[in-house]
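In: compute the structure for the input listed below.
(2 chains)
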Amino acid sequence: DQQVKQNSPSLSVQEGRISILNCDYTNSMFDYFLWYKKYPAEGPTFLISISSIKDKNEDGRFTVFLNKSAKHLSLHIVPSQPGDSAVYFCAASANDYKLSFGAGTTVTVRA
Amino acid sequence: DAGITQSPRHKVTETGTPVTLRCHQTENHRYMYWYRQDPGHGLRLIHYSYGVKDTDKGEVSDGYSVSRSKTEDFLLTLESATSSQTSVYFCAISSGPSTDTQYFGPGTRLTVL
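Out: Modelled structure (predicted):
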């Protein structure tokens, strides 16, 4: 039973516009959330994280929002660039050094 | 980038043969993990280690075993490979205990014929 769900397998966005990726979770014990980015034939790379004590974390063009009551988080990329075309994974941890991952969303940034 | 290497990077083998994948880190991190990535499933945890000789099962551990005799090396063994184990395998490391952020290796693509 997947505890972290990314219901949109793909997203296409025009260069310069905003990309919004969504993630839902079911385990109320999760208290730390991460986003990873993955290019083909490479390992996932850490992008940004957020603790459950916050509702927003920003790092340059990337912002993660957490809505604990809805068990929902989202990643905003503004502005989207061609190099952002990749698979994005949402992950969550219950402070037990293990991560549960979503199935991923493939983002394509159109010129 | 975290110092993580995986070997081999690609392997083709036949059903029923044993296979060992190696993960090597130069970061002296305590925690090491093995995941498999399959379409529609994201990354699923196979086994993890929280210290030398200390390992535990993840969510998809059947058919896999691991060993960690040194801090820097974490081995994943498929005792008798099956076609369902065709996948891309990733190793990850984490320093813990103050953070659960994990850093991944480049992956091993395994094909079982």
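In: tell me the residues of chain A that contact chain B?
Out: Residues of chain A lying close to chain B (CB under 8 Å from any CB of the partner chain) are A:2, A:4, A:6, A:32, A:34, A:36, A:41-46, A:49, A:89, A:91, A:93, A:95, A:97-104. Quick note: C-beta positions are derived from backbone N, CA and C, even for glycine.
In: what's opposite the residue positioned nearest the centre of chain B in the beta bridge?
Out: The centre of chain B sits closest to B:Trp34, judged by CA atoms, centre = their mean, with a distance of 2.7 Å. When assigned by DSSP bridges, B:Trp34 has beta-bridge partners B:His47, B:Cys91.
In: who's in contact with B:His10?
Out: B:Thr108, B:Arg109, B:Leu110 (CB atoms under 8 Å, 6 or more residues apart in numbering or on different chains).
In: let's see that with 10 Å instead.
Out: Contacts for B:His10 (CB atoms under 10 Å, 6 or more residues apart in numbering or on different chains) come out as B:Val88, B:Gly107, B:Thr108, B:Arg109, B:Leu110, B:Thr111.
In: return a selection command, for use in PyMOL, containing the buried ones of these.
Out: The buried residues among these can be selected in PyMOL (16 or more other CB atoms under 10 Å in any protein chain shown) with this line:
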select buried, chain B and resi 88+107+108+110
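In: and the furthest pair within the contacts of B:His10?
Out: Distances among the contacts of B:His10 were taken as CB to CB; the most separated pair is B:Gly107 and B:Thr111, at 13.2 Å.
In: what is in contact with those two at once?
Out: B:His10, B:Ser87.
In: returning to that earlier point: pretty sure the residue nearest to the centre of chain B sits against B:Asp56.
Out: No - using CB atoms under 10 Å, B:Trp34 makes no contact with B:Asp56, being 11.5 Å away.
In: find the residues that touch each one of these two.
Out: By CB under 10 Å, 6+ apart, the residues touching both B:Trp34 and B:Asp56 are B:Leu45, B:His47, B:Tyr48, B:Ser49, B:Val66.
In: let me know whether B:Tyr48 touches B:Asp54 as I believe.
Out: Yes - the criterion here is CB under 10 Å, and B:Tyr48 meets it with B:Asp54 at 9.5 Å.
In: what is in contact with those two at once?
Out: Here B:Tyr48 and B:Asp54 have B:Tyr31, B:Arg68 as joint contacts, going by CB under 10 Å, 6+ apart.
In: now the end-to-end length of stretch A:94-106.
Out: For stretch A:94-106, the first and last residues are 26 Å from each other (CA to CA, to the nearest Å).
In: okay, buried residues for it please.
Out: The neighbour-count check on stretch A:94-106 (16+ other CB under 10 Å) flags A:Ala94, A:Tyr97, A:Lys98, A:Leu99, A:Ser100, A:Phe101, A:Gly102, A:Ala103, A:Gly104, A:Thr105 as buried.
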